[in-house]
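In: Sequence first, then the predicted structure:
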Amino acid sequence: ELKVEQNPLFLSMQEGKNYTIYCNYSTTSDRLYWYRQDPGKSLESLFVLLSNGAVKQEGRLMASLDTKARLSTLHITAAVHDLSATYFCAVIGGAQKLVFGQGTRLTINP
Amino acid sequence: DAGITQSPRHKVTETGTPVTLRCHQTENHRYMYWYRQDPGHGLRLIHYSYGVKDTDKGEVSDGYSVSRSKTEDFLLTLESATSSQTSVYFCAISETGVSPLHFGNGTRLTVT
């Protein structure tokens, strides 16, 4: 059974600082997704990582994938308040079933 | 935004009553999903559909059934609602099954 674990689950940081969210998964997969959810809102897709060594960047967010380690990271550079949200990683299990991690609630303080 | 509409947006119901949630899409995507979101659990898959009348169970399917009689509509039914089914329910669609999911705005269900 595929398990997806994120850490930390809660992260409070100051504006301007850098930090990384980690996503580990238990079985082989070469496709990993990152989503963002604002409080009380729906989820929106951020990145799809399709192969080992894949790196995607948008603004202050950069995601990478190491399929051998079964690890993806979401790196936040010089955080700003607008990035406060809950971030989810997700991995495809069998039969196109997407399994989500628990989510990381990120709070960025001025 | 992808054309996904969930209804109702909020519902309060009593234990033991049947409840149906509706997901409607205008994107003509083949794959449709129902997830529930609970604190500490992320999103968990209830059921999904890979075509009209083609459905399969997810990891938390007990107590739920689904139907998809047309491409655009995917219904989730709680046959006899229980308090443990109080949750936020999200519908999602995907064009290919591996393309990113597009989510609806969610339905907040409270079972008293």
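Out: Thanks, I have it. Numbering: from 1, shown residues only, chains lettered A, B, ... in the order given.

In: A:Gln102 contacts B:Leu43, doesn't it?
Out: No - at 9.4 Å, A:Gln102 does not count as touching B:Leu43 under the criterion of CB atoms under 8 Å. C-beta coordinates here come from the backbone N, C-alpha and C atoms, glycine included.

In: So if I had to pick from those two, which one is more boxed in?
Out: When A:Gln102 and B:Leu43 are compared for neighbours, B:Leu43 comes out ahead with 26 against 18, by other CB atoms under 10 Å in any protein chain shown.

In: who's in contact with that one?
Out: A:43, A:88, A:90, A:100, B:35-37, B:90 (CB atoms under 8 Å, 6 or more residues apart in numbering or on different chains).

In: quick one: which of those is nearest to A:Val55?
Out: Nearest to A:Val55 among the contacts of B:Leu43: A:Ala90, at 18.0 Å, using CB to CB.

In: Could you check how far that closest one is from A:Gly59?
Out: To A:Gly59, A:Ala90 is 21 Å away according to CB to CB, to the nearest Å.

In: who's more crowded, these two?
Out: More crowded of A:Ala90 and A:Gly59, by other CB under 10 Å: A:Ala90, with 25 against 10.

In: Spit out the contact partners of that one.
Out: A:4, A:32-35, A:98-101, B:43.

In: Pull the most distant pair out of those residues.
Out: Across the contacts of A:Ala90 (CB to CB), the longest gap, 15.0 Å, separates A:Leu32 and B:Leu43.

In: ok, what's across the strand from B:Leu75?
Out: Counting by DSSP bridges, B:Leu75 is bridged to B:Arg22, B:Ser67.

In: For it, give me its contacts.
Out: Taking CB under 8 Å, 6+ apart, one finds B:20-23, B:66-68 in contact with B:Leu75.

In: what number of residues lie near A:Asn52?
Out: The burial count for A:Asn52: 11, using other CB under 10 Å.

In: Give the helix, strand or coil label for it.
Out: With DSSP: H, G, I helix; E, B strand; the rest coil as the basis, A:Asn52 sits in coil.

In: what does chain A put close to chain B?
Out: Residues of chain A lying near chain B by CB under 8 Å from any CB of the partner chain: A:4, A:31, A:33, A:35, A:41-45, A:48, A:88, A:90, A:92, A:95-103.

In: how about a cut-off of 10 Å?
Out: Residues of chain A found near chain B (CB under 10 Å from any CB of the partner chain) are A:1-2, A:4-6, A:9, A:31, A:33-35, A:37, A:40-48, A:50, A:86, A:88-90, A:92-93, A:95-103, A:105.

In: ok, of these, which come out buried?
Out: Buried by 16 or more other CB atoms under 10 Å in any protein chain shown: A:2, A:4, A:6, A:31, A:33-35, A:37, A:42-43, A:45-48, A:86, A:88-90, A:92-93, A:96-103, A:105, out of those.

In: Sort out for me which of the residues you listed are in strands.
Out: If you go by DSSP state E, these have A:4, A:6, A:33-35, A:37, A:43, A:45-48, A:86, A:88-90, A:92, A:98-100, A:105 in strands.
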